[in-house]
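Asks: after the sequence you'll find the predicted model.
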Amino acid sequence: MSKNIFFKTVLFSFILFLTSCDDKDEPVTINEEENFSLVTLTVTNEANNTSETYRFEVEGHAHGDETNTGSQDSHDEHQEIELEPNLSYLFEIRFYNDDDPTNIVDITLEVIEEADEHHVFYELTDGANITITSGPGDTTDSNSNPLNLITRWTTTAAGVADVEAYLIHEPTSKTGDTRDDFGGATDVEIEFEAHVE
């Protein structure tokens, strides 16, 4: 009789244990949305290997009256990037959260880890003759599509182009001529002028 009671107690405890280990009790992984507040664009002249870095505040993230850290580091709302005709330049774009100046987070690393879910696109309007291709060392996704974190800009004749640069989240396509061709959501958008002269 005592063996039967013992067996029923063990069986009841085991059933109780199984029901308490429900899938609902598993920890939920929360993927926090990236908080983009700063974009840098480093432009390197491939002919002489000189570089200039431009800084862009992401819309909605005002940083007050900051001083520039270098001759070309700037927070101007409408920046001009000077290029020469018949040359090629490497453009490297990086994304940061600098809300806490003592702990600046390079979100580019997350973008690279999630390459399948991101794409950088430069939309040019007006008259500059510029060709943009993926650059050396650029990241590719699992389908070998370039992410365009590093691009090569090749110039021909003089002109001025208005440029809008986008970091697109979950694009429906990774090829196209306009922002609308890519679908998805815009994580970041910056604007500047490319002056070829």
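Replies: Perfect, I can see it now.

Asks: contact partners for the residue lying closest to Ser173 once chain neighbours are set aside?
Replies: Distance criterion Cβ to Cβ, 6 or more residues apart in numbering; nearest residue to Ser173, sequence neighbours excluded, is Phe182 at 5.5 Å. (Each C-beta comes from the backbone N, C-alpha and C, glycine too.) Residues in contact with Phe182 (Cβ atoms under 8 Å, 6 or more residues apart in numbering) are His119, Phe121, Tyr166, Ile168, Pro171, Thr172, Ser173, Lys174, Gly176.

Asks: let's see if you can find the most crowded of those.
Replies: With neighbours taken as other Cβ atoms under 10 Å, the top of the contacts of Phe182 is His119, carrying 25 neighbours.

Asks: now that residue: which helix or strand?
Replies: strand 118-126 (DSSP states H and E).

Asks: could you look up the SS state of Thr42?
Replies: strand (DSSP: H, G, I helix; E, B strand; the rest coil).

Asks: on that earlier part again, look up phi and psi at the residue nearest to Ser173.
Replies: Main-chain torsions, Phe182, degrees, to the nearest 10: phi -90, psi -20.

Asks: next one: Trp153
Replies: Note on Trp153: backbone dihedrals following degrees, to the nearest 10 are phi -110, psi 120.

Asks: pull up the per-residue confidence for it.
Replies: On the pLDDT scale, Trp153 is placed at 98.

Asks: with the one 4 residues further on instead?
Replies: Predicted confidence (pLDDT) at Ala157: the value is 89.
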